[in-house]
Structure formats: structure tokens, C-alpha cells
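Engineer: just a sequence and a predicted model for now, questions to come.
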Amino acid sequence: MKRVLFVCTGNICRSPTAEGVFRHMILEAGLSDAIESASAGTHGYHIGDPPDPRTVAAAKRRGFDLSAQRARKVKVEDFHTYDLILAMDRDHFAHLESLRPNAARAEVKLFLEYHPERKHKDVPDPYYGGPDGFEDVLDMIEQATKNLLGQVAAGLKKR
């Protein structure tokens, strides 16, 4: 089993979107028994809350269901549970690296390292903007997730 954790600030916009898109693609690829995903936030502002309604609506328009997700804060144990932890921006990456135990199993990377046209290093936070920001984030996440799934699936075949 390969385990992937997506991380943003409050776990209500970017990381639940990435989790939902990735889960959908895993299911479509028939890899649910081999790949698991989750999401978390660097801060506990929204623990137990569903994703932002604008995030849920944008994802739903594209066929992704985020309704069952609930926000949680990243834990030190996550570095031992997950194989890959993907930060949505450089601040999240720095935060994760500061929490990371020396004997951590997880590899920590920026999520957009999986985007083929990676113009930006950070997935922008759509929270304070308008509806277009949620669509732009979904565009980035969908493209990066396709490549992420391809690489994870290829790694499974090598085992």
C-alpha cells in the first residue's frame, strides 16, 4: 500500500481538493487496493469542519465529491504512516520539515513538483478570492494529480 498525504493551511481548500481528485483518479484506475490518500492542515483552525463550500461546489462541477471529508491537523505520526507528504506551498513545506522526525518514513515534497508545466512552486490559496481562484486551483491540481498517479502507479509495478 502506498500512502499519500496532501497538506495546506487549514485543510478546507487546497489539500481536500487534491485528496478528492486523487481518490477519484485512484478509483478510476482500479488502484484503490494499492494507493491510499488523505489530507491535513498545518494549523488546527478548522478541525472537524467540511471543506469550504466554494471548494466543494467547484469540485462537484467537475465530478469530484468532497462532502465526506473533514479537516484535521497534521500529526507527527503522519511522517511514519504516509510514504509521501505533499505540501501545497513553500510555507507548508517549511512547516512540515520543522515537524519531521529524524526517523521519518515519509518523503516531503511540494505538490506542484508533479505539474508538467510547473510555472509556480505554490498552489495559490483561493480562500480570500473569488470563484475563479477555485477553478484555477482545480486546474493545477487535476494536472499535477495525473502525473502523481502515473508516478505512484509506476512505482507499484517495480515492487
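Structural biologist: Received the coordinates, thanks.

Engineer: Lys109 belongs to a strand, doesn't it?
Structural biologist: Yes: assigned with DSSP: H, G, I helix; E, B strand; the rest coil, Lys109 falls within a strand.

Engineer: looking at it, it is touching Asp83, isn't it?
Structural biologist: No: using C-beta atoms under 8 Å as the test, Lys109 is too far from Asp83 to be in contact (11.2 Å). Just so you know, the C-beta spots here come from the backbone N, C-alpha and C atoms, and that holds for glycine as well.

Engineer: low-scoring stretches of this protein, by residue?
Structural biologist: Filtered on pLDDT under 70, the chain yields the residue ranges 159.

Engineer: where do the strands sit along it?
Structural biologist: Secondary structure of the chain (DSSP state E): strands located at 2-8, 35-41, 84-87, 107-110.

Engineer: among these, which is nearest Gly150?
Structural biologist: Distance to Gly150, taken as C-beta to C-beta, is lowest for strand 35-41 among these, at 11.7 Å.

Engineer: by how many degrees do the closest one and strand 2-8 diverge?
Structural biologist: Relative orientation of strand 35-41 and strand 2-8, computed by axes from the mean of the first three to the mean of the last three C-alpha atoms, to 10 degrees: 20 degrees.

Engineer: residues in contact with strand 35-41?
Structural biologist: In this structure, residues lying in contact with strand 35-41 by C-beta atoms under 8 Å, 6 or more residues apart in numbering are 1-12, 15-16, 18-19, 22-23, 26, 69, 71-75, 78, 82, 149, 152-153, 156.

Engineer: drop anything exposed from those.
Structural biologist: Using 16 or more other C-beta atoms under 10 Å as the burial test, these include 2-12, 15-16, 18-19, 22-23, 26, 69, 71-74, 78, 82, 149, 152-153 as buried.

Engineer: among those, which are in helices?
Structural biologist: The helices, defined by DSSP state H, take in Ser15, Pro16, Ala18, Glu19, Phe22, Arg23, Ile26, Asp78, Leu149, Val152, Ala153 from these.
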